[in-house]
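Participant: Compute the structure for the input listed below.
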Amino acid sequence: MLVRFESQSDLEDAMEALMKQDPRLKPILAQTGMPALRQREPGFAGLAHIVCGQQLSTASAAAIWARLSAAFDPFDHVAIRKARADRLGRLGLSAAKIKTLKFIARELAADRLNLDVLANEDVDAAHHALTALHGIGPWTADIYLLFCLGHGDAWPAGDLAVQEAVKLGLGLKERPNPKEMAPLAEPWRPYRGAAAHLWWSYYRVLKKREGVIAK
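Facilitator: I've put the predicted structure just below:
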């Protein structure tokens, strides 16, 4: 079953189904309220935006992306493939990120990669296809699938905020690592993307209030 988030109502429908599948989550939703759907531009620009923000503060990532998007109009794989590495470096990209973006740009130009088809693939297959690309780790793949392609079952197991929220919400002794997050999320298929939105919202609530789901 392929679940897609193309509108807020899609997320709300998935959240309703999620609550029926796992009633333990109802107290969490009662505290957070309905999360807002988070969306980003699909395609190369969307993936590049996520890559640029890897392991950076929100402010630093936003500043770099603002410089990049201003320097290249349109910002697409053709422009980045032709751009000089030293110019990209002056705009704030690390050597590793330049290598990643240029690799993806070459794959797209050679038609060895089609980001659009990933939207209609099984989420695990799409995740595997993305992580097979140079410089694309699991977190980047999952964030792209969820925010840019609207995959309703994408599960960002490596996201620290989601891990911390799951730990507190499920009453775990330690924050689960990405490997441990996978089985924890199995009861939420095919709505793991809705669960991720819920846990992000819960993480924000936790700054003021904590809660534990009854086992």
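Participant: tell me the SS of Pro27?
Facilitator: helix (DSSP: H, G, I helix; E, B strand; the rest coil).
Participant: Centroid-nearest residue for the chain?
Facilitator: For the chain, the residue nearest the mean C-alpha position is Ile143 (1.2 Å; C-alpha atoms, centre = their mean).
Participant: Just give the closest residue to that residue, not the sequence neighbours.
Facilitator: Ile50 (5.3 Å; C-beta to C-beta, 6 or more residues apart in numbering). Placement of C-beta: from N, CA and C, glycine included.
Participant: Could you verify my assumption that that neighbour touches Tyr144?
Facilitator: Yes - counting by C-beta atoms under 8 Å, Tyr144 is a contact partner of Ile50 at 5.6 Å.
Participant: Can you give me the buried ones in stretch 70-83?
Facilitator: Residues of stretch 70-83 classed as buried by neighbour count (16 or more other C-beta atoms under 10 Å): Phe72, Phe75, His77, Ile80, Arg81, Ala83.
Participant: For these, give me TSV that also has secondary structure.
Facilitator: Below are the buried residues of stretch 70-83 laid out as TSV (three-state DSSP):
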residue	secondary structure
Phe72	coil
Phe75	coil
His77	helix
Ile80	helix
Arg81	helix
Ala83	coil
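Participant: So which of those is the closest to Glu107?
Facilitator: His77 (8.5 Å; C-beta to C-beta).
Participant: Would you mind measuring from Glu121 to Leu37?
Facilitator: 21 Å (C-beta to C-beta, to the nearest Å).
Participant: For the helix or strand of the chain with the lowest mean pLDDT, buried residues please.
Facilitator: Least confident helix or strand, the chain: helix 58-71 with a mean of 93, by mean pLDDT, DSSP states H and E. Neighbour-count burial for helix 58-71, with 16+ other C-beta under 10 Å as criterion, is recorded at Ala61, Ile64, Trp65, Leu68, Ser69.
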